[in-house]
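> no FASTA, just this:
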């Protein structure tokens, strides 16, 4: 079973000049190149490749070093932000292969090597220097630790030493999580007795200056702050009606949910305002108002979709009855507008306009869907995308734009946010759709009540087969339910939908390319990833 | 009991003691038992598998070398061994295995040798399929495409020569401890028993707690453990210095048994009829 291909793979463009002087020379060259352009991180892979191509056009002799150039350009784009991050929030990642291959006495734990400072390799020296500055240092073996750290969403800055191979592997993740990072490549790719350019490392480690970087936005911490605003007694401060409907509304608002919308608003506000952001009553009221619009739409949605459970509790119309639920939904909508009006925010008129547009578009999207249901026919792919866009994008858009407006952001930011939320909203719905299929939740995936992208794609390609399955399914044919997603046509449909999801993600990412605020750009990159992955 | 005996000398690495190999060979020759000496099993399996035909086809074989689990899976992974045949693997120092040799008869009392002349140091992973659950972490982890997936979904080592000398990283990643590097210095990566050293689920903590305090705590714990190690070493030396050598000799028996070197021997053997290997 083993032993098929015994030829090691070679690498092109993988070279690294073997002298510190030459490396320094290229670094200076990159400085000059980037000085003429404004590179706002995080750069996407294509951007980095584009710039390294431009450099090679100017300096063809650097052709061999294309990957190195890409790494250096990316480093340079992060340099200012990294300088603004305190040492004790930075993590220095060293590769285990720097250690002496045979005589290293150190043991390992899950995170990597526990250096005993024996002095047989450079690790002791480097760690001591990093320790003095205040870094957290890890000596890890390979990319698992790196991925865990980057993926945790809690690491604010990484200085990583590794071979160009390993950077290629971890770069997509670093981009996805938008972690400020600087990568310093090893001289060799052999995975043993490796050497790093200490001159370069010494140049990077101590960089520190005051900058416009206000710190990493800890989404989890922000979420717990937001959650505290939705405690019942906290809500009762704003909703002071003694009547029963108001009490039901408070209970409903206090119940469960991820609070994405208020969270998004706050995160944007923090990203744009930095240290000037204050979580006062005005901000709180706006955050609650956004959640009101969302929670009201859920009450009405549950009635329309005949859902019986939400957040593992009976839905509002099951707790009471449909008329009561309709009315409480309306009441919560009213609260939403009331809180904006009472917030005392500087741009109340703008905020009201955005909230009402969102409200309107959501209802139009819902209307399209409801009217479609009367026909009991399958929708076209285009129709479904339109419904996705109308139904989900406004919620994100309102939250993002609220955050931007209270930070006095200009029109160009507002426009970016509109494009971004449109792509994000559609991606969110496609993801939801795919989850139904991938989790085997076929009842949801394959029904006549909600539009599904996968079924629409299959229907477009194989209308005859789809017709048979659809009828079988409606008759409650169990075999059909179990077997259906093993069908090649369905698998192909899922694949196409997955590709579309990727395209909308890219669309969202390319919409933010020109944003001038790195903090906002970083945040929106992270949010995309976070919202689409749970 | 007719068996074929194979001994791997691990010459490309020195994973096993030369003396152990010599001792076994000597005892085989004294008893006029035939055997095949393999200079380096890892290397030959990969580069010249045809040389191992006698091992792959032997109806009943005893293989001596490094960790038994490592050799068993090394041969198993090659897919060349005749499945039904009986093959037992023993560490070269395994007492049971050495005892077993005494009762073995061979058809051919000659000593054969399988050479490994290649320059390349045979360092590559071996998968223990009894443990592997096909999670593919190794596949995604390895930067050099050593692993690939078969049509039936099983993960295989398909480009062994791509593996980087001395890098056992994929073995540490494997949640099942299913990856063996026979030439690795430490257990369990070399196929030996024992658990992977684990640091209170640090990886999990990182995902759930504050990364920075987890890392600080890890560093402090390690510093303390280093300090303790240092103290332990000092304490041991102290103890050695306190217990004088005369005392040891006074208490020890006159025979040549193992416990003579112990500080407080608990020896009950009779002087004359004991040898170095007696266990009293």
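Arrived safely. All figures in this text were calculated on a predicted structure; none of them were measured in a lab.
> Quick one: mean pLDDT for stretch A:254-261?
On average, the pLDDT along stretch A:254-261 is 90.
> who's in contact with it?
A:223, A:226-227, A:230-232, A:235, A:290-291, A:293-295, A:310-313, A:395-396, A:398-399, A:531 (CB atoms under 8 Å, 6 or more residues apart in numbering or on different chains). In short, each C-beta sits where N, CA and C put it, glycine included.
> make it 10 Å
A:222-224, A:226-227, A:229-236, A:266-267, A:287, A:289-295, A:298, A:310-313, A:316, A:395-396, A:398-400, A:402, A:428, A:527, A:530-531, A:534 (CB atoms under 10 Å, 6 or more residues apart in numbering or on different chains).
> can you give me how far that stretch is from the chain middle?
When C-alpha coordinates are averaged (CA atoms, centre = their mean, to the nearest Å), stretch A:254-261 and its chain have centres 18 Å apart.
> quick one: terminal-to-terminal distance for that stretch?
For stretch A:254-261, the first-to-last residue distance is 15 Å (CA to CA, to the nearest Å).
> in the stretch 151-280 of chain B, which spans are strands?
B:155-157, B:179-180 (DSSP state E, counting those that start in this stretch).
> helices or strands up against the shortest one?
Pointing back at strand B:179-180 there. helix B:68-78, strand B:126-127, helix B:169-173 (3 or more CB pairs under 10 Å, 6 or more residues apart in numbering or on different chains; DSSP states H and E).
> Ok, which of these comes nearest chain A?
Across the helices and strands packed on strand B:179-180, chain A has its closest neighbour in helix B:169-173 (3.8 Å, CB to the nearest CB).
> Does anything pack onto the closest one? Which helices or strands?
If contacts are counted by 3+ CB pairs under 10 Å, 6+ apart, helix B:169-173 sits against helix A:144-151, helix B:137-141, strand B:179-180.
> Can you list the buried residues in the longest one?
Looking back up the chat, that one is helix A:144-151. Judged by neighbour count using 16 or more other CB atoms under 10 Å in any protein chain shown, the buried positions of helix A:144-151 are A:144-151.
> Kindly report the same for stretch B:171-179.
B:171-174, B:177-179.
> pLDDT below threshold where in the stretch 151-280 of chain B?
B:195-204, B:243-280 (pLDDT under 70).
> 90 instead?
B:151-153, B:161-177, B:184-189, B:192-280 (pLDDT under 90).
> Residue A:301 and residue A:315 touch, don't they?
Yes - with contact defined as CB atoms under 10 Å, residue A:301 reaches residue A:315; the gap is 9.2 Å.
> Between the two, which contacts overlap?
Common neighbours of residue A:301 and residue A:315 (CB under 10 Å, 6+ apart) are residue A:307.
> Does residue 130 fall in a helix, a strand, or a coil region?
All of this refers to chain A. helix (DSSP: H, G, I helix; E, B strand; the rest coil).
> my bad, the chain I had in mind was chain B
Applying three-state DSSP: residue B:130 is coil.
> ok, now how distant is it from residue B:180?
Distance of residue B:130 to residue B:180, given as CB to CB, to the nearest Å: 11 Å.
> So if I had to pick from the two, which one is more boxed in?
Between residue B:130 and residue B:180, residue B:180 has the larger neighbour count (other CB atoms under 10 Å in any protein chain shown), namely 29 against 11.
> show me what contacts that one?
Per CB under 10 Å, 6+ apart, neighbours of residue B:180: B:66-67, B:69-74, B:77, B:125-128, B:131, B:168, B:171, B:174, B:188-192.
> Beta-bridge partners for it, please?
residue B:126 (DSSP bridges).
> Domain map for the chain?
Since no chain was named, I'll use chain A. What the TED database lists as the domains of chain A is A:20-205, A:219-345, A:347-533.
> nope, chain B please
B:4-114, B:124-214.
> So for residue A:96, which of those domains sits nearest?
Nearest of those to residue A:96, taken as CB to CB: domain B:124-214 at 7.3 Å.
> Check the separation of the first and last residues in the closest one.
Per CA to CA, domain B:124-214 runs 34 Å from first to last residue.
> quick one: it to chain centroid distance?
17 Å.
> cool, stretch A:118-134 as well?
With CA atoms, centre = their mean, you get 35 Å for stretch A:118-134.
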